[in-house]
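Engineer: with the input below, show me the fold.
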Amino acid sequence: MLKLLNGLDKKTLAKIKSDFEANNAEIINISDNLRRGIVEFFGLRGEVDKLIAGFDPWTNQKWPADHYKSIYFNPGYAPGDVKFLWEFMKHNFLPALGKAYLLTGNEDYLKSAIEFINTWLTSVADDKGVSWAGHPHICQRMINWLLFMELVHQAPLFTSKLQTEIESYLDKQWVLLEKEYHSPINNHKLLSLSFVILNRLYHNQETELDFWLEELKGSVDLLIYPDGGFAEQSISYHRLCVESLLFVVQGLKNAGVNVSDWLSQTIENSLGYFDAITQPNGKPPVFGDNSDEILLVREWPEEFWDLEYLFAWANALGLKVRKAVNVPASIYWLVGLKNTFQPEALPLRPEMAEFKNTGHFILRNNQNSYVFFRAGEFGLYVPNASNHPHSHCDQLGLVAFLDNTEVLTDPGTYRYNENDYERRLLKDESFHTTVRVNGKAQAKYLSSFAYGEALNAVGKLEGKAVVGKMGRDNWQIKRTIELEEKKLVITDSFLGEAEVEWFFALSALLAPIKVEPGKAVLQEIGSLRLITFQISEPITPEVLPGYVSHQYNRANPSQRLYFKLKVTRTKKLEFVFAVGDREISQERYR
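Structural biologist: All right, here's what the predicted structure looks like:
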């Protein structure tokens, strides 16, 4: 049987109990809620019985129990946004119940988990309903069941009969993944292949393992570039894929099967990329589509966007990556005390980095000032597929920090429904720090997961600056970015005859307090710190409102600065963001 937990012994459990009180309290809270028939996600509180029956927790409408291939997810057909029900159907709470049992010795937690499993097995028909649709969500549910089983397999209440029933249910899903792994050609395929391999390892079947590993390599080669970046232009789906590969490595090692160099190298390259793009706040820039997708569920107060657990996990598997700054509770549960490494001080990251395959470029100054810049292929393109599924119209867009203050941001993603207003809104240029020419988008929005006529860009490092170019229809723009500790300079040189719109997506913590020709003054909420924005010509920028959703992803309502110009031949504009002195700013407002 596949073993995924490495070294969860008495010493490890003692450390978890003594060192992670907040995590443990959250585990108990999740488990107590489940015992009361309640689960919480996306800021909602849902009733377990109704969710199992297929009721959407937001609209309270029931999803059909039809064959999963006949269910329509588009508005007008669907009773709600399927992501809501899918989030419950990942069963992220199951490992928490197993952990609560081990932390407290209270068999009531185990009884509640077994009762839930039995109810699920008798209520959800094979191949029926939305729980059987969406390969990543099937994989996420499977890993939660596998980890739960391993946490509690020695408990008297966990009988061989129950294990057989669970394995039968998992095998049916493995059959589905194996049958449909080839479609669609994106992260769904990579996850499906990873879990087909884990199935072989679970049943001690090395039959055709080489074939499936070669198929996985083909998917990896398409999605993860040699520079470590991700073709789909999404940080969360990149991380989801890396997590699945880490589980494969752990499964192979525990089964005594050799781990191929390409697999280790892919993870190492990806973590090198993650490290390089990390912002001064310790989190990655959230560019492209980002859903709440994760394989290794981590309880609060572990941050969803904290990537340090990946480094701790890779360390424990002997991969060649830097040591983690901290080893969180989730990793001790997974790999045990003896397999973790002592954390090290905060790493010094390179002042310049380029990922040309991915089209991402990094500038730093004194570790506190930072730019992430995008100029490359629009996103994953596969002929005859839903192309560029997770990309946004943010070519030549950037995220920037000055002296630890976030100045320019990427506001994230809202929704996933077909032609949904909130989904289209944040995929648009106007919510990124970029340009739109002649009112034509950088790519034609065809559906939630497809673009046409996408505009590519090219970028490179030049001296201490980063430069990006893009163009079409007899126009071209060159953007140059230079960074100092307290100053960011963006220089745009436009060639052609066109109407050009400029957008600057401000941090959600910056409020424009004064706007005048050639200048805007921004104030950081809370600190009263001032940031000035200057334009090389006496243009008065307009302040556009932000947008906030009460539903999942809940991106921050970032305000934007905007103006439009008619260019007749050439135009060169310089934009300067500069941080004022914090103490002087505070004195000014006393």
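Engineer: what is residue 561 paired to in the beta sheet?
Structural biologist: residue 504, residue 543 (DSSP bridges).
Engineer: if you could redo that for residue 353, that was the one I meant.
Structural biologist: Beta-bridge partners for residue 353, by DSSP bridges, are residue 362.
Engineer: check contacts around it.
Structural biologist: Under the criterion of C-beta atoms under 8 Å, 6 or more residues apart in numbering, the neighbours of residue 353 are 276-277, 361-362. To be clear about C-beta, it is placed using only N, CA and C from the backbone, and glycine gets the same treatment.
Engineer: state the number of residues packed around the residue nearest to residue 108 when sequence neighbours are not counted.
Structural biologist: With sequence-adjacent residues excluded and distances taken as C-beta to C-beta, 6 or more residues apart in numbering, residue 108 is closest to residue 35, at 6.8 Å. Neighbour count of residue 35, defined by other C-beta atoms under 10 Å: 18.
Engineer: pretty sure residue 35 sits against residue 109.
Structural biologist: Yes: contact between residue 35 and residue 109 holds when scored by C-beta atoms under 8 Å: they sit 7.2 Å apart.
Engineer: if we can go back for a sec, tell me the buried residues within the contacts of residue 353.
Structural biologist: 276-277, 361-362 (16 or more other C-beta atoms under 10 Å).
Engineer: of these, closest to residue 489?
Structural biologist: residue 361 (15.3 Å; C-beta to C-beta).
Engineer: how far away is the closest one from residue 525?
Structural biologist: Distance of residue 361 to residue 525, given as C-beta to C-beta, to the nearest Å: 29 Å.
Engineer: got it, and residue 430?
Structural biologist: To residue 525, residue 430 is 22 Å away according to C-beta to C-beta.
Engineer: equivalent analysis for residue 377, please.
Structural biologist: Distance, residue 377 to residue 525, using C-beta to C-beta: 36 Å.
Engineer: equivalent analysis for residue 413, please.
Structural biologist: 23 Å.
Engineer: those two: which is more packed in?
Structural biologist: When residue 413 and residue 525 are compared for neighbours, residue 413 comes out ahead with 26 against 11, by other C-beta under 10 Å.
Engineer: the more buried one contacts residue 289, doesn't it?
Structural biologist: Yes: using C-beta under 8 Å as the test, residue 413 is close enough to residue 289 to be in contact (5.0 Å).
Engineer: list residues touching both of the two?
Structural biologist: Overlap of the contact sets of residue 413 and residue 289 (by C-beta under 8 Å, 6+ apart) consists of residue 427.
Engineer: quick one: least confident helix or strand in this structure?
Structural biologist: The weakest-scoring helix or strand in the chain, judged by mean pLDDT, DSSP states H and E, is helix 582-588 (a mean of 46).
Engineer: contacting residues around the residue positioned nearest the centre of the chain?
Structural biologist: In the chain, the residue lying closest to the centroid (C-alpha atoms, centre = their mean) is residue 236, at 1.6 Å. Counting by C-beta under 8 Å, 6+ apart, residue 236 makes contact with 286, 289-294.
Engineer: can you tell me which of these is nearest residue 191?
Structural biologist: Nearest to residue 191 among those is residue 293, at 9.5 Å by C-beta to C-beta.
Engineer: this completes my enquiry, with thanks.
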